[in-house]
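> sharing a sequence plus its predicted fold:
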Amino acid sequence: MNPVHQAVLWQKDRLFIGRQKECDTVQLWLETDPAPTLIAGVSGIAGIGKSTLLLKFLQMAQESGALTAWLDARALEPTPQAFLAALPAPFHGPEFSQRLERQHALLAVDNFDDAYGIEPWLREVLLPMFPSQNLMVVAGSRHSVVPRWRVDPGWQRRTMDFSLHPFTLLEVRQWQNEVGPIPAAAESLYQETRGLPLTLALSLEAPGIRAAERLPALWDEPAADSPSRPAADVLALVLVAQWDFLQTILDRPVSTAEYHALGRLAFVRRTPEGLSLHDLVRHYWYEHLRTERPDYFAQLRGRVFHELLRLSRSSPQSREHFMSQQFFWLFRDVLGVSTRYADLQAVPDQLEVGPFRPEDRELLLTMAGSWQRESLPVSPTEASLFLNEVMTLFPELVRVLRRQESGRPVAFMASVWLTEASVGLMAKYHAAFTANLLKALEMSPRSLKEPDTTYHLTVCIDPSQEDYTRRELMGMVSRDAFGLMPGNRNLVMARTPGLQAFLQSFGYRPHPFSPGGGDPGSTLYQLDLRHTPFIKWILPVLAGLSSDALPRRSGITAAEVKEAYEHLYDVSFSLSETSPFSSENGKIWRQVLREMLQPPFITPLTDTDAQLLDWVYGQRHSDPTAALEKFAWSRASYYRHLRTALEHATEVAQRIL
């Protein structure tokens, strides 16, 4: 069944209360022929019901005969190419434009906050390509996208703003009547839950428990006996999981009834991508498993890790960004390192990162007064003018950390895609520096037409706030930047030892660069993932951050690894079918053994280990006396080093095969 249709069928089976005004507005649009093309923003705090309303709109559109599609921006790399690749076939080409002449279409994009890199392209390039009728794009996000679209004269009259608020007392009474007898009176239930749909729904799963204690109550021992409990544990370790993924991790069949029962739990969201825990619940559930059941957590993470590893090796490139987000969440505790530069362990419980808003400008420019300008060595006055133009012309990579309740910024990170326009702006303020940067990067005018390189400008914090340390705020905005790394080249100018060490721990390497009038003490650091698979980068990073990060599989011996390397190019060779070195897995294990010998290396494998193993098994040198000339080792040293290299390779193979 089509995933969107399946999600809509689930929606029909789910209780839906309130939001009548929003539904009436969309229904009127669906009944208007022709209807104007619109962008509709569905916004509100976590747990307010944004995803549920998006699915309701999809249901209404399908029932009216409209084309429908669902995208989760968290699963997409924020580039036009990835967005287009994710759109279903009916939303492509001239045929789609022709269908809009006679048929409505509704495109729902959930978690639109993560589409910040392509919002200007959507507004200025993609949507204007289609007819100005019968298309509605519904964007679900924490903060409404509509104000940013209304700044554009062409979209001022083509917006709908659905800002969601908690249920009223009347709606709580309606909900109570629909779900059946609940001991609490509607008034006390309304006061306790504040009308928040998620908290209200959780009262069904943990009745009689105060709201502050309701989330922990979900994993009390009685719940552990439920058949849905192990599956919910899996959902705590991933952003989203489909039916077959759950069956693989649980190592047992999951019936249709069980899968749908899991999807009906109040804290589980059902989307076309699969099942996922609500963000708030997933955070608490993950931490509960990690801190209260560490052995079980480690075992479960090991199974999830190896399945994600398998899927990453077989998934198309278009899914790489989604897989990277899965890994980032699975190892959020490992990636949450604390250094002198930034504390990635900081939990932004009252803060959230989002796109730049025009009203942020004055405060952000005030914060930028402390910018040390390594990335563009100009005067403080010119730096302020430059950042002001960046916020006007290239706001897509200006990411703002703000307080959830007031929306006031407390920190921000600014970067730019290196394009003809952005490079032109940099050259306007420092021509020599910009020219030398392009020369060092070997970037031609043609490469600037297809942006794949981000250049970090600055991270600034509000010195007047006293609730968080500088390291905590730096960690929160830095963690947000992880989403841009896969598939791109990422550049940072760094002078301070703390920042340099921080960058190197995540795989950044110094790149030769003469600033040409810039700061001679600064170094250009590069992380180039344009042609490097995500897992080739993340595995060494995880192993370097924690020796226990990558779960080890027992059963792979040094003798097996040695034999596999000896037959690396013999496609007829295999060990038993139950071994990782089986004929069925031949393509994968040969690829992995070869990639292990290419930098970056996974600890404890070293550069010397890799050179020796490649020389012996890759280049097939069997004479130990030749090692005297190659490595300046004696025969005894050669065998000792080879034994050590195989031991290190075995430990790595146990982790990634």
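Nice, I can see it. Quick caveat, the model's predicted, so the values are computed rather than measured.
> now for this structure, the helix or strand with the poorest mean pLDDT.
helix 221-224 (a mean of 44; mean pLDDT, DSSP states H and E).
> which strands and helices sit next to the helix or strand immediately after that helix in the chain?
Per DSSP states H and E, the first helix or strand lying C-terminal to helix 221-224 is helix 228-236. Applying 3 or more C-beta pairs under 8 Å, 6 or more residues apart in numbering; DSSP states H and E, one finds that helix 228-236 contacts helix 243-250, helix 256-263, strand 274-277, helix 279-292, helix 294-314. For glycine as for every other residue, the C-beta is placed from the backbone atoms N, C-alpha and C.
> now helix 228-236: average pLDDT?
Here helix 228-236 scores 87 as its mean pLDDT.
> same question, stretch 566-586
Mean predicted lDDT for stretch 566-586 stands at 81.
> which residues are contacting it?
Stretch 566-586 is touched from outside by 553, 556, 560, 563-564, 589-590, 593-594, 617-618, 653, 657, with contacts defined as C-beta atoms under 8 Å, 6 or more residues apart in numbering.
> try stretch 588-598
313, 536, 561, 564-565, 568, 580-581, 602, 605, 610, 613-614, 618, 649, 652-653, 656-657.
> tell me the contacts of Val616?
Applying C-beta under 8 Å, 6+ apart to Val616 gives the contacts Tyr565, Ser622, Leu642.
> try 7 Å this time
Contact partners of Val616, counting by C-beta atoms under 7 Å, 6 or more residues apart in numbering, are Leu642.
> cool, and Gly618?
Contact analysis of Gly618 by C-beta under 7 Å, 6+ apart lists Leu597.
> what about Phe328, which helix or strand?
Assigning secondary structure by DSSP H and E places Phe328 in helix 320-330.
> what secondary structure does Leu524 sit in?
strand (DSSP: H, G, I helix; E, B strand; the rest coil).
> okay, now it: neighbour count?
23 (other C-beta atoms under 10 Å).
> cool, Gln326 as well?
22.
> could you measure it against Phe356, distance?
Relative to Phe356, Gln326 is positioned 27 Å away (C-beta to C-beta, to the nearest Å).
> what's the answer for Ser447, then?
Shown here: Ser447 relative to Phe356, a distance of 26 Å by C-beta to C-beta.
> do Tyr639 as well
In terms of C-beta to C-beta, Tyr639 sits 60 Å off from Phe356.
> more neighbours: which of these two?
Phe356 (23 against 13).
> for stretch 489-507, buried residues please.
Residues of stretch 489-507 classed as buried by neighbour count (16 or more other C-beta atoms under 10 Å): Arg489, Asn490, Leu491, Val492, Met493, Ala494, Leu499, Gln500, Phe502, Leu503, Phe506, Gly507.
> looking at those residues, which is nearest Phe162?
For these, the minimum distance to Phe162 (C-beta to C-beta) is 35.4 Å, reached by Asn490.
> ok, the closest one touching Leu524?
No - counting by C-beta atoms under 7 Å, Asn490 sits too far from Leu524 to count as a contact (11.3 Å).
> and Tyr116, how many neighbours?
24.
> isn't it up against Arg357?
No - with contact defined as C-beta under 7 Å, Tyr116 does not reach Arg357; the gap is 11.3 Å.
> which stretches of the stretch 401-550 of the chain form helices?
All helices of the stretch 401-550 of the chain, identified by DSSP state H, counting those that start in this stretch, fall at 420-429, 431-441, 445-449, 470-481, 497-505, 534-545.
> so which of those helices comes closest to Leu289?
Closest among these, using C-beta to C-beta: helix 534-545, at 18.6 Å.
> okay, strands next: where are they in the stretch 51-200 of the chain?
Ranges of strands within the stretch 51-200 of the chain are 67-72, 105-110, 135-141, 159-163, based on DSSP state E, counting those that start in this stretch.
> out of those strands, nearest to Met474?
strand 135-141 (24.5 Å).
> only alpha carbons, please: show that closest one as CSV.
Taking Å, rounded to 0.1, in the frame of the first residue of the first chain, the C-alpha atoms of strand 135-141 are listed here in CSV:
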residue,chain,number,x,y,z
LEU,A,135,-1.5,23.6,-5.2
MET,A,136,-1.2,23.8,-1.4
VAL,A,137,2.1,23.3,0.5
VAL,A,138,1.5,22.7,4.2
ALA,A,139,4.6,23.2,6.4
GLY,A,140,4.6,21.9,9.9
SER,A,141,7.1,23.7,12.2
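> now that strand, how far from the chain's geometric center?
How far strand 135-141 lies from its chain's middle: 20 Å, per C-alpha atoms, centre = their mean, to the nearest Å.
> repeat for stretch 395-404
16 Å.
> how far does it stretch from one end to the other?
Criterion C-alpha to C-alpha, to the nearest Å; first-to-last residue distance in stretch 395-404 is 20 Å.
> buried residues in that stretch?
Quick answer for stretch 395-404 (16+ other C-beta under 10 Å): Pro395, Glu396, Leu397, Val398, Arg399, Val400, Leu401, Arg402.
> quick check, nearest of those to Glu63?
Glu396 (35.6 Å).
> contacts only, for the closest residue to that closest one other than its chain neighbours.
The shortest distance from Glu396 to any non-neighbouring residue, by C-beta to C-beta, 6 or more residues apart in numbering, is to Gly117 (5.1 Å). Each residue near Gly117 by C-beta under 7 Å, 6+ apart is listed here: Pro78, Thr79, Glu396, Leu397.
> so who does the residue lying closest to Val398 once chain neighbours are set aside touch?
Spatial nearest neighbour of Val398, chain neighbours left out: Phe356 (3.9 Å); criterion: C-beta to C-beta, 6+ apart. Contact partners of Phe356, counting by C-beta under 7 Å, 6+ apart, are Met391, Pro395, Val398, Val400.
> one more pass at 10 Å, please.
Phe356 makes contact with 116, 148, 364, 390-392, 394-400, 409, 412, 414, according to C-beta atoms under 10 Å, 6 or more residues apart in numbering.
> also Ser514?
Residues in contact with Ser514 (C-beta under 10 Å, 6+ apart) are Phe433, Asn436, Leu437, Lys439, Ala440, Pro520, Leu524.
> many thanks, I have nothing further to ask.
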